[in-house]
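>>> sequence and computational prediction follow.
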Amino acid sequence: MILRFFSVRKVIGEYNLSNFLRIYKPVLIGALLLTSLGVSAEPRLALKDAIDTAIRGDPWSAQSIQLQNALLDESVAAGALPDPRITLGAANLPTDTFNTGQEGMTQATIGLSQKFPRGNSRYLARDKKKELAESQSFQRENRQELVVRSVTYLWLELWKAQESVRLIESNRGLFEQLADVAEAGYTSTMNGSRQQDIIRASLELTRLDDRLTALHSQMETAQEELGEWVGTDTFRLQVSERIPPNLLARLPSPALDVSDNSVITHSSIRAADQLIEAESVDVELARQAYKPEWTVSAQYGYRDQAPNGQDRADLFSIGIGFDLPIFTGNRQDRTVSAAIARVEAAKSDRMLQVRRIKAEARAAAARISRLDDRIRLYEQTLLPQTAEQANAALSAYNNDDGDFAEAVRARIAELNAQVDFIQMTAERAKNLATFRYLTAGTSGSSSFSLKNSQD
C-alpha cells in the first residue's frame, strides 16, 4: 500500500527529523516496489462487443443490400423485351370535305409494332447487372473486415492511452513521496539533500502532470472516434484491461510468403474480379452493335362505306424493319475498342491492388517480427534491468551513498520502459489486425474473428 505523508515539518521537529528519515526511506523503497492495482466498478467495453456493435450498426451494409436488390431487379428488366408500341391514326383523309366515305383509300388505322434489340444484347445486359449485383456481396465482406480493423485500431488506441494513464497515476504518489523526502532532508540539513533536489522532484511531478494531460487528450480522442462505430451510449466506457488473446497470437510460419494465388481470395480482389467480369460483358455488348435491330409491325385499316352505300374491304398491313450497321468505323469499332480498353484498365488496377495487398501484408508481418524481438527484449532484459537499477539507486540514496537525481532518473527510466512496453504491445496487436485483414480468407490464415477469444 502506498503511504502518503502530509506536512512533514508539522508532525515532527527538526531535532527528530534525521531519525524520521531513517524510517521513512525504507518505507518509501518498499512502497516503490509495490504495484498499484486499481479496482473499478465501472463496466468495461470489450473488443468483441465493440466490433459486434459496429458491424450491426453499420449503415453501409444496409445500403449495399439495397443496391444489390436494385441491380437484381434491373437485371430482370434488362432481359425483357421492350414494350410493344400501338399507333392510332386516320390515313388518306380528304382535306376538302373531311368525309371518311368520299375516297376509297380513307381509313382509320390501328397499328402494333414490336422492337427486338440487337443480337444477344438483352441477355448480356442482364448478365452485366447480375455481375454487378454479385460484387456487392464481396464488397460487404470486405467492408466488414475493414470495420473490424478500424474498430480494433481505435479500441487499441484507447487501451494504450488508458493503460498508460493508469500506470502513471499509480506511480505519481511515489514521486510525491520522493519530493517529500527531498524537502525533509533539505530542511534537516543532515541528509545531504540539496535545493536542486527539491526543484528536480517538483519538475518531474510537473512533467508527469503534462504527460497525463497529453494521454487524457489521446484517450478522449480515441473515445470520440470509437463513438462513430459503437454509438454515443458506450463510447465513453473504459475498455477491458487485457488485449484479446487472438491479437497476441503468433504469426503463421509462412507469414512472409504471400503469393499471388493467396491474395486472389481476398474479398476486395474478388469484388474487383466481379467488376472486371461486368466490364468484359460490356465488350460483348458493344459487339452486338454490328448486328441489326429488328422491328415487326402490323396495321389494320378500317374503311367506311362508299357514298353509294357499297361496302369497302378493310385493309391489313404487316412489315419487318431493320437497320444496316455498315458504317462502323466511327461508331461500332470505336465503342468496342473503348470497352476493351476499360477491361484492360480494370485488370491493371486489379494487378496494382494485388501488389499493394502483398506489400502491406509483408510489411505488417515484418513489423510484427521486429516488435516480437523488442517485446522479448523488454520482458527478458530491459524491464528487469530498469527495475533493478531503480531499486539500486533508491537503496544507495537511502544509505546516503547515492544522488537524489540519479534515484529519480532511474525511477523515470523504469516508468518510461513500462509505458513503452504498453505502446509496443498495442502496436503489435494493431499490426496483427492489419495482417489478418490483408490475408483474410487465404489458406493458412483465418479471417479475423473474436468469437473464440476471451477478454
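Okay, I see it.
>>> so what touches stretch 375-384?
Applying C-beta atoms under 8 Å, 6 or more residues apart in numbering, the contact partners of stretch 375-384 are 414, 417, 418, 420, 421, 424, 425, 428. For the C-beta atoms, the positions are set from N, CA and C on the backbone; glycine is no exception.
>>> ok, now which ones touch the fifth one?
Translated: residue 421. Neighbour list for residue 421: 375, 378, 379, 383 [criterion: C-beta under 8 Å, 6+ apart].
>>> can you confirm the third one is in a helix?
Meaning residue 379. Yes. Counting by DSSP: H, G, I helix; E, B strand; the rest coil, residue 379 is found in a helix.
>>> mind checking which of the contacts of stretch 375-384 are buried?
Buried members of those, scored by 16 or more other C-beta atoms under 10 Å, are 414, 417, 418, 421, 424, 425, 428.
>>> how close does the third one get to residue 168?
So that's residue 418. Going from residue 418 to residue 168 by C-beta to C-beta, to the nearest Å gives 9 Å.
>>> just the last one next, same as before
Here the distance between residue 428 and residue 168 works out to 21 Å (C-beta to C-beta).
>>> repeat for the second one
In this structure, residue 417 and residue 168 are separated by 13 Å, where distance is defined by C-beta to C-beta.
>>> partners of residue 91 in the sheet?
With DSSP bridges applied, residue 91 shows beta-bridge pairing to residue 107.
>>> I'd say it and residue 107 touch.
Yes. Residue 91 lies in contact with residue 107 (C-beta atoms under 8 Å); the separation is 5.1 Å.
>>> look up phi and psi at residue 99.
Phi and psi for residue 99, reported as degrees, to the nearest 10, are phi -90, psi 120.
>>> count of residues packed around it?
Per other C-beta atoms under 10 Å, the neighbour tally for residue 99 reads 12.
>>> cool, and residue 125?
20.
>>> go on, residue 251?
Around residue 251 there are 18 residues (other C-beta under 10 Å).
>>> is residue 299 in a helix, a strand, or coil?
With three-state DSSP as the criterion, residue 299 reads strand.
>>> strands along the stretch 201-350 of the chain, start to end?
In the stretch 201-350 of the chain, the segments counted as strands under DSSP state E, counting those that start in this stretch are 238-239, 294-302, 315-322.
>>> likewise the stretch 351-455 of the chain?
In the stretch 351-455 of the chain, no strands are defined using DSSP E, counting those that start in this stretch.
>>> residue 367 is in contact with residue 431, isn't it?
Yes. The pair residue 367 and residue 431 passes the contact test of C-beta under 8 Å, sitting 4.8 Å apart.
>>> ok, the two, which is more surrounded?
Per other C-beta under 10 Å, whichever of residue 367 and residue 431 has more neighbours is residue 431, with 21 against 17.
>>> any weak-confidence spans in the stretch 51-200 of the chain?
173-198 (pLDDT under 70).
>>> quick one, strands of it?
For the stretch 51-200 of the chain, the strands defined by DSSP E, counting those that start in this stretch occupy 85-91, 107-116.
>>> in a markdown table, list those strands along with distance to residue 216 and mean neighbour count.
Formatted as a markdown table, these follow (distance: least, C-beta to C-beta, whole Å; neighbours: other C-beta atoms under 10 Å):
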| stretch | distance to residue 216 | mean neighbour count |
| --- | --- | --- |
| strand 85-91 | 72 | 11 |
| strand 107-116 | 70 | 16 |
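>>> whichever of the contacts of residue 421 end up buried, select them in ChimeraX.
Here is the ChimeraX command that selects the buried residues among these (16+ other C-beta under 10 Å):
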select :375,378,383
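>>> tell me the residue furthest from the middle of the chain?
Distance from the centre of the chain peaks at residue 308, with 87.1 Å (C-alpha atoms, centre = their mean).
>>> reformat the strands of the stretch 51-200 of the chain as TSV; add distance to residue 298.
Shown next, in TSV, are these (distance: least, C-beta to C-beta, whole Å):
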stretch	distance to residue 298
strand 85-91	11
strand 107-116	5
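>>> residue 355 is nearest to which of those strands?
strand 107-116 (45.6 Å; C-beta to C-beta).
>>> how far off centre is that closest one?
Distance of strand 107-116 from the chain centroid (C-alpha atoms, centre = their mean, to the nearest Å) equals 58 Å.
>>> begin at 515 from now on, thanks
Renumbered: residue one is now 515, and that last one reads strand 621-630.
>>> now do that strand and strand 599-605, the angle between them.
Computed by axes from the mean of the first three to the mean of the last three C-alpha atoms, to 10 degrees, the angle separating strand 621-630 from strand 599-605 equals 160 degrees.
>>> give me the beta-bridge partners of residue 752?
Beta bridges link residue 752 to residue 558 when assigned by DSSP bridges.
>>> residues touching the residue lying closest to residue 849 once chain neighbours are set aside, list them.
Excluding its sequence neighbours, the residue lying closest to residue 849 (C-beta to C-beta, 6 or more residues apart in numbering) is residue 800, at 4.5 Å. Residues near residue 800 by C-beta under 8 Å, 6+ apart: 846, 849, 850, 852, 853.
>>> out of those residues, the closest to residue 653 would be?
Set against residue 653, the nearest of the contacts of residue 800 by C-beta to C-beta is residue 853 (22.8 Å).
>>> so how far is residue 898 from the closest residue to residue 725 other than its chain neighbours?
Nearest residue to residue 725 in three dimensions, chain neighbours excluded: residue 682, at 6.2 Å (C-beta to C-beta, 6+ apart). Applying C-beta to C-beta, the value for residue 682 to residue 898 is 21 Å.
>>> between the two, who's got more neighbours?
residue 682 (18 against 12).
>>> might one say that the more buried one is in contact with residue 722?
Yes. Using C-beta under 8 Å, residue 682 is in contact with residue 722, at 6.0 Å.
>>> spatially central residue for the protein, please.
residue 660 (3.3 Å).
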